[in-house]
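Visitor: coords below, sequence missing:
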């Protein structure tokens, strides 16, 4: 009888998580649309969007009983680093290579880089807390509440969250499904971000807190964004699928990233 009650409670939490995920997918657009005219440029609009969706996601996580997941304790960042340190090193190298590329091409540093620095620090923090609360807090938490009592259910929940997280990085409406190159890029990008999700999930499940992962996630994104968007003022591009000749380059890059992520992914799965 107790077991049955626990099972029904878990299903109820999963339903609550699904409702929250659906609401968070729709509601931000209704709130953001009237505020678009108040943004000075695309970067300011991106910051506005991230702060709104992060606030909503964190609020939803709290309403679902996950307030404790926002706590931060000493060692949380180090725990995330244990699983994802090599991935951040990859991001650092990618960021350094992008700076080298822009310098080599003769591009000058933007005169507004200092103000962009503050904006992108806040933006990346917003990304970190939004994606960790939305995906690893609400989505993974809801799945584990219903299916996490068996080994298969536990692993299935982690992997399903990874697929969900990966799919959020693809603009499906703009994808040309008749293009083998674009489909390959989309699947490889999903694999890369899905492996990243499993690594972050391992750290979060060890502490039952998302704050360390959110700070790590934000810093990881900042390392890649710093060169093009902060130092050189390039317009932000979040499309991870390219067409034409660039498609082959993107496929090659994603294959390399998947291979570089593999040791961290295997370590997280074993944990």
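Guide: Right, received. Where do you want to start? Being a predicted model, the structure only gives us computed values, none of them experimental.

Visitor: which residues sit in contact with residue 209?
Guide: Residues counted as contacts of residue 209 (Cβ atoms under 8 Å, 6 or more residues apart in numbering) are 68-73, 76. Heads up, the C-betas are built off the backbone N, CA and C, glycines and all.

Visitor: write a PyMOL command that selects only the buried members of the residues you listed.
Guide: Per 16 or more other Cβ atoms under 10 Å, the buried members of these correspond to this PyMOL selection:
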select buried, resi 69+70+76
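
Visitor: mind putting the contacts of residue 209 in CSV, pLDDT, distance to residue 216 and secondary structure included?
Guide: Shown next, in CSV, are the contacts of residue 209 (pLDDT from 0 to 100; distance: Cβ to Cβ, whole Å; DSSP: H, G, I helix; E, B strand; the rest coil):
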residue, pLDDT, distance to residue 216, secondary structure
68, 95, 19, helix
69, 96, 15, helix
70, 96, 15, helix
71, 95, 16, coil
72, 94, 12, coil
73, 92, 14, coil
76, 93, 9, helix
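
Visitor: and the contacts of residue 209, which is closest to residue 162?
Guide: residue 69 (18.5 Å; Cβ to Cβ).

Visitor: my guess is that closest one meets residue 208, correct?
Guide: Yes: Residue 69 is in contact with residue 208 according to Cβ atoms under 8 Å; the separation is 6.5 Å.

Visitor: quick one: stretch 88-98 to chain centroid distance?
Guide: 17 Å (Cα atoms, centre = their mean, to the nearest Å).

Visitor: any chance you could list what contacts it?
Guide: In contact with stretch 88-98 (Cβ under 8 Å, 6+ apart) are residues 81, 216, 219-221, 223-228, 257, 260-261.

Visitor: try stretch 69-79
Guide: Here stretch 69-79 makes contact (Cβ under 8 Å, 6+ apart) with 58, 61-62, 133, 137, 141, 203-204, 206-212, 215-216.

Visitor: what ranges does the stretch 51-200 of the chain have for its helices?
Guide: Along the stretch 51-200 of the chain, counting by DSSP state H, counting those that start in this stretch, helices occupy 76-104, 113-131, 140-147, 151-167, 180-207.
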